[in-house]
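*Asks:* For reference, the sequence and a predicted model appear below.
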Amino acid sequence: MTVNLTINGQKIQAETGQTVLQAARAVGIHIPVLCEHPALPPDGACRICLVEIEKQRGLQPACTFPATEGLVISTHSPRVMDSRKFTLELLISDHPLDCMTCEATGDCTLQDLAYEYGVKDSRYQGKQHNYPLDASNPFIQVERNKCILCRRCVRACSHINGVEAISVFYRGFNAYIGFGADGRMQDSSCEFCGSCVAVCPTGALWPKMSIGKGRPWQVEKVDTICSYCGVGCKLSLHIRDNQIIRVEGANGPANHGWTCVKGRFGYDYVHHPDRVLTPRVRRYLLEGVKKPENRESRIENSKGGTNLDSLVSNFWDWVETDWDTALNIVAEKLRTKRDTHGPDSIGVLTSAKCTNEENYLMNKFARQVIGTNNIDHCARL
Amino acid sequence: MPELKNVADLARLHATTQQAREARRTACPTIYVGTGTCGLAAGAGEVAQAIRQELSARQIEAEVLGVGCIGMCVKEPLVDIQLPGRPRVTYANVKPDMIPRLIEEHLMNGQIIPKWAMGQLPADGAPPETQVGEPGLPSYAELPFYRKQVRIALKNCGMINPESIDEYIAADGYQALGKALSGMSPDEVVDEMKESGLRGRGGAGFLTGIKWEFCRRARGTPKYVICNADEGDPGAFMDRSVLEGDPHSVIEGMTIAAYAIGAQEGYIYCRAEYPLAIARLKKAIAQAHVHGLLGENILGSGFSFELHIKEGAGAFVCGEETALIASIEGKRGEPRPRPPFPAVSGLWGKPSNVNNVKSYGMTPQIILNGADWFSRIGTSGSPGTAVFALTGKIKNTGLIEVPMGITLREIIYDVGGGTPRNKHFKAVQTGGPLGGCLPASALDTPVDFDSLTEADATMGSGGMIVVDQDTCMVEFAKYFLTFASAESCGKCVPCRIGGQRMLETLTCISEGRGTPEDLDGIEYISRNMKEGSLCALGQLTPGPVMSSLRFFRQEYEAHIQDEFCPAGVCKGLFSYEIIEANCPGCGLCLKACPDGAISGEKKKPHVIDHLKCIQCGECYRVCNLGAIEVIPLKKKEIPA
């Protein structure tokens, strides 16, 4: 079913069940939003998307008002503009104007709106909140002074992650966003999926590991698939100077822009000095000698070395080698075991970090090459 | 099995309870003690105990009944004594030490004590003409406080024992439910309500019948009826009095509404600060269950209805229907944008009908007496009566019910008795903290939904606060603004921050730091809060400020331009001075002054030392002769 509306004099059609905002967006009419997020249920809280609808008392939020037959809507009438400016002035009046050093600069909806509506400063000299900065957990920095109480984080936590770790505490001007029973984030049921950070329109919630690492326009965004589990979330890596400085969920078929704590924050291994980059084997395997019974036992040096103590330890060392050598050793060992003890003496455990294709190949390998049904999977990581 | 299986059973019980009432009236004396919260706060608990003690000490057989608020809160504790065959005589401001004499003279000897008696009422359930009046004692109908009142929602308040379903039934209770279930289709009930023209008594004044019709027609099951008993206005106690004094009327009204819209479950959302109302509701619900007036297959009609009580946790905003629904659902009590309206998507997303206590309370009588009867009372646009909690600087503070269309002047001067201590009336605030105040020039405004809105005030749910010359309108507006902004839920920006900024501006003005631009600033915030706030709380928060600015702008300007608070309220913006000609030198002010700032010989005019005066106002309060006036601040000059 379609309904007919008029927006700014333009006659448009909308689907029944759409909101005025969705109907306007579908035909490319811009209505500014702040608390609205396409993935979250609308709240009607921020009052930025207010529009003038004929025969309605007061201005109405486009994000919640249903598109019904015959609505006549103005999205930028003087009345509407006045109201939006008023709302922005109020928000700015209780917001630190430290955009020069704010992490969110360039990625801040409030900043964009202030620019769009020419709101430079606030006429109000009243009380401003001065909450202490909460940087007590390793992942998310909470700066309540920058919070505009749009509640996107609250809705993301309850509707996307289903955790409900975030809620609003107290009332009126003293209302603020809190965690659990008004404690620290890490003491609540928070799983640090970071969805709240992803939807925060200002710098109130920020990934701690990204602080000071670069501005949004200084990064190159590279899409990839998360290497952790079998879900296969699409991620967008924010790269600066060949370093990952932030990870965001990207709009992939499996994750629609969301991701979990590992995908979002578990990227420090990428640049870690301890990371293994080439195959390694024990020296005794490389040398083709018998496995020493234990690390203390002495082994005869085939090459007639003299320093036996150092040779013993050397035989147990990991030695970097090439893939062919490493795989040859594995293949040889597997063959020997199978021939000696039978195929069922071998079990194969694959990983959620592998792709479907890799897991399929491992299945083939176990059943057809080795000849065992002993194959399993760690399911998740 | 329930006691009442059908309407015939109800009719039989009706007759039996009336006979019992009659028997009681003729058999033994009855003593009524007003034990609503107002009465208990004034000491009715001790009075009732003293009565019981005295009766047992003297071994007198008499029935002692606790009844709800009869309206004259200023005269509480109220005790009515009714001897067999005689009218009911009301004694005002009764204290425990008055009980022995009351019992001896009135109860035992049949002699009323005129000094203490306030008025008389026909005995419970007896037609007035059959009553022999007590000579020399005014009847309630003659008392100025009651003369202009018409009691529909308060019909039983103070008259019957609210904890007895039998007394309610004897007073024609549940007859409307019987009538609706046995003789009317749900559509006919809705039509009757529509024809009555009843407008929602919660404040918005939406037509109740239309609301019911929306909900009846809405698709989706189950449906819910909800009673909004989250009365949160400062100085308002209408709903509390109805719930405490006549809980069954609300239950009956809700049951009729449920039948009309097709609901089987209902909720009464009552604030936890009303423990007595909740206790009486619980008791009433249990009694209705036992009688089969709630529960399965009510009166054999096939219609079933269950009623729950949800206690609110003290948030004013939960009086807003969507916030109230969120709170019942166990969520943070915050409003959400409408549409969708609760009639379409309310409690748990199902069609729900939310009405105020008084709307449900009036329903049984509309059904019983017919829409015509109701619509003949009041005005054509606002039929019926309005219940007000009359407070502030008024002689007869209390609970009143007046026909719509009565003027403010009649309410304040005839019913309310005017302002005490010969002070001048200054303004009346209607509609609670979100309403507006009207000056003396608006006293002839008829009290109905449309006229009050037109006059820049609102009907609201029934708070009416009178202020006199000693109230500063800036401070008065600031008081309501402080309340409203503290009670903002904080969801939408205009209300959360706008209210705070307006309060800051108003505080500046009341401290003498305001600028002429501040008034424009207040108007700017007001306009945009009204336009942009999510719910009625934010939209109406500027109401008191805007109306006082409209009618008392000169007071605001005096604060700003002259740094002078003409009412003598805002500290540091005025001084007291003794008018020589009026001062006989009685010395009252001198004794009252805590700082020794007043000096003077006896019988000679006194003077105030402005250096020592801390403007506590004690001298101003004690002077009965108007010899002390409020003047602009005398700068404290340090002597050389």
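*Replies:* Looks like it arrived, so ask away.

*Asks:* List the residues that contact the closest residue to chain B within chain A.
*Replies:* Across chain A, the shortest distance to chain B (CB to the nearest CB) belongs to A:A175, at 3.0 Å. (Each C-beta comes from the backbone N, C-alpha and C, glycine too.) Counting by CB atoms under 8 Å, 6 or more residues apart in numbering or on different chains, A:A175 touches A:149, A:168-169, B:489-491, B:496.

*Asks:* May I have the one helix or strand B:D166 maps to as PDB, with CA atoms only?
*Replies:* Using DSSP states H and E, B:D166 falls within helix B:165-170. Coordinates of each C-alpha in helix B:165-170 appear next as PDB, following Å, rounded to 0.1, in the frame of the first residue of the first chain:
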ATOM      1  CA  ILE B 165     -18.700  -2.400  49.600                       C
ATOM      2  CA  ASP B 166     -22.200  -2.700  51.200                       C
ATOM      3  CA  GLU B 167     -22.300   1.000  51.900                       C
ATOM      4  CA  TYR B 168     -21.300   1.700  48.300                       C
ATOM      5  CA  ILE B 169     -24.000  -0.600  47.000                       C
ATOM      6  CA  ALA B 170     -26.600   1.000  49.400                       C
END
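
*Asks:* Now do it: everything it contacts.
*Replies:* Residues contacting helix B:165-170 (CB under 8 Å, 6+ apart): B:10, B:13-14, B:17-18, B:20-21, B:125, B:156, B:160-162, B:173-174, B:246, B:248-249, B:284, B:287-288, B:291, B:293.

*Asks:* Over to stretch B:183-201?
*Replies:* The contact list for stretch B:183-201 (CB under 8 Å, 6+ apart) reads B:153, B:180, B:205-213, B:216, B:256, B:259-262, B:355-359, B:362-363, B:366-367, B:370-372, B:374-375, B:380, B:382-384, B:386-387, B:449, B:461-462.

*Asks:* Would you list the buried entries among the contacts of helix B:165-170?
*Replies:* Among the contacts of helix B:165-170, those scoring as buried are B:10, B:13-14, B:17-18, B:21, B:125, B:156, B:160-162, B:173-174, B:246, B:248-249, B:284, B:287-288, B:291, B:293 (criterion: 16 or more other CB atoms under 10 Å in any protein chain shown).

*Asks:* what comes up buried for the very next helix or strand once past the helix holding B:D166?
*Replies:* Counting by DSSP H and E, the next helix or strand C-terminal to helix B:165-170 is helix B:175-183. For helix B:175-183, burial by neighbour count (16+ other CB under 10 Å) applies to B:175-181.

*Asks:* Does anything pack onto the strand or helix carrying B:R240? Which helices or strands?
*Replies:* Per DSSP H and E, B:R240 falls inside helix B:238-245. If you count contacts as 3 or more CB pairs under 8 Å, 6 or more residues apart in numbering or on different chains; DSSP states H and E, helix B:238-245 packs onto helix B:37-42, helix B:247-261, helix B:275-290, helix B:357-369, strand B:385-392.

*Asks:* now these as TSV including distance to chain A and mean pLDDT?
*Replies:* As requested, the helices and strands packed on helix B:238-245 are arranged in TSV below (distance: least, CB to the nearest CB, whole Å; pLDDT from 0 to 100):
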stretch	distance to chain A	mean pLDDT
helix B:37-42	25	92
helix B:247-261	22	97
helix B:275-290	23	96
helix B:357-369	22	96
strand B:385-392	23	94
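
*Asks:* Quick check: closest non-adjacent residue to the residue in the stretch 51-200 of chain B positioned nearest to chain A.
*Replies:* Closest approach between the stretch 51-200 of chain B and chain A, counting by CB to the nearest CB: B:G200, at 16.1 Å. Excluding the flanking residues, the one nearest B:G200 by CB to CB, 6 or more residues apart in numbering or on different chains is B:F206, at 4.7 Å.

*Asks:* what does the model give that neighbour for pLDDT?
*Replies:* pLDDT, B:F206: 94.

*Asks:* Now do the same contact list for residue 33.
*Replies:* Since you didn't name a chain, this refers to chain A. Contact analysis of A:V33 by CB under 8 Å, 6+ apart lists A:21, A:46, A:48-49, A:63, A:109.

*Asks:* Chain B was what I was after
*Replies:* Here B:V33 is in contact with B:39, B:44, B:47-48, B:51, B:64-67, B:77-80 (CB under 8 Å, 6+ apart).

*Asks:* nearest to B:S548, of those residues?
*Replies:* Distance to B:S548, by CB to CB, is smallest for B:G39 among these, at 33.8 Å.

*Asks:* Next, count neighbours for the closest one.
*Replies:* Applying other CB atoms under 10 Å in any protein chain shown, we find 28 other residues in the vicinity of B:G39.

*Asks:* Is it possible to get JSON lines of the contacts of B:V33 that adds secondary structure and distance to B:A592?
*Replies:* Below are the contacts of B:V33 laid out as JSON lines (DSSP: H, G, I helix; E, B strand; the rest coil; distance: CB to CB, whole Å):
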{"residue": "B:G39", "secondary structure": "helix", "distance to B:A592": "33"}
{"residue": "B:A44", "secondary structure": "helix", "distance to B:A592": "33"}
{"residue": "B:V47", "secondary structure": "helix", "distance to B:A592": "33"}
{"residue": "B:A48", "secondary structure": "helix", "distance to B:A592": "38"}
{"residue": "B:I51", "secondary structure": "helix", "distance to B:A592": "39"}
{"residue": "B:V64", "secondary structure": "strand", "distance to B:A592": "43"}
{"residue": "B:L65", "secondary structure": "strand", "distance to B:A592": "44"}
{"residue": "B:G66", "secondary structure": "strand", "distance to B:A592": "41"}
{"residue": "B:V67", "secondary structure": "strand", "distance to B:A592": "41"}
{"residue": "B:P77", "secondary structure": "coil", "distance to B:A592": "31"}
{"residue": "B:L78", "secondary structure": "coil", "distance to B:A592": "33"}
{"residue": "B:V79", "secondary structure": "strand", "distance to B:A592": "35"}
{"residue": "B:D80", "secondary structure": "strand", "distance to B:A592": "39"}
